[in-house]
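Chemist: Got a sequence here, can you model it:
(one chain, ligands or ions: 1)
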Amino acid sequence: MSDPLWMVRFRPGVVGERWRMVHLVPVPDPAAIPVTVGDCVRVLLALCGQQFAPGEAELLSRQAGAPCEVCLALLEHASVEGW
Ligand SMILES: [Zn+2]
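Modeler: Residues are numbered from 1 along each chain as shown. Below is the predicted model of the structure:
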């Protein structure tokens with residue numbers, strides 16, 4: 001069993017296009033503080049350590065754009081459906 005992951009990147013305009021790689025973010029425990037990406041109410045933390053402040057992130061339903069190489073390297077301990 002591995003923890004589910006979200007594919008998350010910065011929304012357009014938050015950072016430059018070259019920084020909009022797709023990061024892997026462990027899905028927050030639903031029993032914890034409610035989180036909605038898009039109207040994110042707390043900081044999300046990617047595997048590589050990249051933080052997404054509330055309102056900065058967009059959640060991808062499938063792979064799109066360039067993946068974060070650091071997150072991919074750390075993926076061996078996790079899994080993403082469809083990656
Ligand atoms: Zn990353």
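Chemist: List the strands paired with the helix-or-strand element of the chain with minimal mean pLDDT, with their directions.
Modeler: Ranking every helix and strand in the chain by mean pLDDT, DSSP states H and E puts strand 44-45 at the bottom, with a mean of 88. Note on strand 44-45: by DSSP bridges, its sheet partners are strand 51-52 (antiparallel).
Chemist: picking that back up, name the residues that touch the least confident helix or strand of the chain?
Modeler: Under the contact criterion CB atoms under 8 Å, 6 or more residues apart in numbering, strand 44-45 has outside partners 6, 8, 25, 26, 28, 35, 37, 51, 52, 57. For every residue, glycine as well, the C-beta is placed using N, CA and C.
Chemist: Just the CA coordinates for the top strand by length along the chain, please, in PDB.
Modeler: For the chain, the strand with the greatest residue count under DSSP state E is strand 5-10. This file holds the C-alpha atoms of strand 5-10, laid out as PDB (Å, rounded to 0.1, in the frame of the first residue of the first chain):
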ATOM      1  CA  LEU A   5      -0.700  11.500  -4.500                       C
ATOM      2  CA  TRP A   6      -2.000  14.600  -6.300                       C
ATOM      3  CA  MET A   7      -0.300  16.100  -9.300                       C
ATOM      4  CA  VAL A   8      -0.200  19.700  -8.600                       C
ATOM      5  CA  ARG A   9       1.400  22.700 -10.200                       C
ATOM      6  CA  PHE A  10       1.300  26.500  -9.800                       C
END
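Chemist: The helix or strand that that strand is followed by - what's its average pLDDT?
Modeler: Using DSSP states H and E, the helix or strand that follows strand 5-10 in sequence is strand 23-26. The average pLDDT within strand 23-26 is 92.
Chemist: Strand 23-26: partners in the sheet, and parallel or antiparallel?
Modeler: Strand 23-26 is paired, per DSSP bridges, with strand 5-10 (antiparallel).
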